[in-house]
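no sequence for this one, just the structure:
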């Protein structure tokens, strides 16, 4: 099967093989699939964290008190950092924990102190 795409898109010229013309790189997709280990523990942990992310996001949206919403967003960032660390991206996890849960939470709390805390409606 040969399929050509324009621009920076890759060319697929055999079933299961990807050829990137711009960098002259040929990738065997079956070799990539063999290197990824699908562990049931990974699926359970990621599913639990994703469900917690959905719950924290919904709680942050529905919170009438802005401080509670900021706390939910901080927990959301910490769970995201845990997911990044679990999927072997410690640099992204550290950045998410520092900026997402730390700095932005402090800035939000500082702004809430200068404005009204409760939602008017």
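Thanks, I have it. Treat the numbers as computed from the prediction; the structure is a model and nothing was measured. Numbering: from 1, shown residues only.

ok, residue 50 - contacts?
For residue 50, the contact set (C-beta atoms under 8 Å, 6 or more residues apart in numbering) comprises residue 83. C-beta: built from backbone N, CA, C; applies to glycine.

check which helix or strand covers it.
Here residue 50 sits within helix 40-62, counting by DSSP states H and E.

in the very next helix or strand once past that helix, what counts as buried?
Next along the chain after helix 40-62, taking DSSP H and E as the criterion, comes helix 66-86. By neighbour count with 16 or more other C-beta atoms under 10 Å, helix 66-86 contains the buried residues 66, 69-85.

residues in contact with helix 66-86?
42, 45-46, 49-50, 52-53, 56-57, 59-61, 63, 90, 92-94, 96-97, 100-101, 104-105, 108-109, 112, 116-119.

quick one: that helix to helix 40-62, angle?
For helix 66-86 against helix 40-62, the angle by axes from the mean of the first three to the mean of the last three C-alpha atoms, to 10 degrees is 160 degrees.

quick check: closest non-adjacent residue to residue 97.
Leaving out its chain neighbours, the residue that sits closest to residue 97 by C-beta to C-beta, 6 or more residues apart in numbering is residue 81, at 4.0 Å.

got a pLDDT number for the one you found?
Here, the pLDDT recorded for residue 81 equals 93.

also residue 113?
For residue 113, the predicted pLDDT is 89.

the one helix or strand it maps to packs against which elements?
Using DSSP H and E, residue 113 sits in helix 104-114. Contact partners of helix 104-114 among helices and strands, from 3 or more C-beta pairs under 8 Å, 6 or more residues apart in numbering; DSSP states H and E: helix 66-86.

which intervals of this structure have sub-threshold pLDDT?
Flagging of the chain using pLDDT under 70 yields the residue ranges 1-42, 119-121.

domain ranges for it, per the record?
Split into domains by automatic domain parsing, the chain comes to 1-36, 40-114.
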